[in-house]
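Enquirer: No sequence on hand, only this structure:
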């Protein structure tokens, strides 16, 4: 019996080691840092916390985490600079980033998303919403390609879901994972109108707690990155968005 119990404990320990996700929290406010750490650990994540952008870059490079929670307003190197540096390095460029910010201005949020952040949470936030965002981003990154993930070319835009690449007039464009999914959804059915709720469900899942205003912010950033082709994403007043059928 003791041998059996020992084998079970060994198996559980190995499973936990393999499946536990590591989250790096870059946050200088101690109370928020502790709140985030406590809730992540209670949800089964391994957590490393640092209080500066410089330490965040050092930790991410030394032991790349599965996800980074990054405050924008940091002493010294701010969150936007940290995000830019992470995306510039081969070893950290694909790590999912969720921004934590007290800034509610659209320009700050869009700036972070344009640098490659995957999502954002504004302070004050509910721990349940934060955990839902973490799960959703990790779930999207873990999703395997399907037989429907064939390249789509329309209006000068080429999107390749398997390679996770977007080109506009043969020039590669860097999109966040959320922007990529929104573009993929709209391009897959040109002319079809998607409501904001439909976009949220398709990108994040039906249980994702977020306001439809976040879709508008993501589309603003997406249009900017697409340049002239961004005008092909049309706003349908009081409804949502569609991609103009340019065929």
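Expert: Sure thing, it's come through. Because the structure is predicted, anything quoted here is derived from the model rather than measured.

Enquirer: Spell out which residues sit in contact with residue 101, please.
Expert: Counting by C-beta atoms under 8 Å, 6 or more residues apart in numbering, residue 101 makes contact with 71-73, 79, 108-109, 112, 120-123. Quick note: C-beta positions are derived from backbone N, CA and C, even for glycine.

Enquirer: doesn't residue 69 make contact with residue 56?
Expert: No - Residue 56 lies out of contact with residue 69 (C-beta atoms under 8 Å); the separation is 9.8 Å.

Enquirer: one step back: among the contacts of residue 101, name the ones in helices.
Expert: Secondary structure defined by DSSP state H assigns 79, 108-109, 112 of those to helices.

Enquirer: Pick out the most distant pair among the residues you listed.
Expert: 79 and 109 (11.4 Å; C-beta to C-beta).

Enquirer: which residues do these two both contact?
Expert: With C-beta under 8 Å, 6+ apart as the test, residue 79 and residue 109 both reach 99, 101.

Enquirer: More neighbours: which of those two?
Expert: residue 79 (26 against 22; other C-beta atoms under 10 Å).

Enquirer: Could you tell me how far the residue lying closest to the more buried one once chain neighbours are set aside is located from residue 116?
Expert: The shortest distance from residue 79 to any non-neighbouring residue, by C-beta to C-beta, 6 or more residues apart in numbering, is to residue 72 (3.6 Å). From residue 72 across to residue 116, the span is 14 Å (C-beta to C-beta, to the nearest Å).

Enquirer: More neighbours: those two, which one.
Expert: Using other C-beta under 10 Å, the more surrounded residue of residue 72 and residue 116 is residue 72, with 24 against 21.

Enquirer: ok, that one to residue 89 distance?
Expert: 19 Å.
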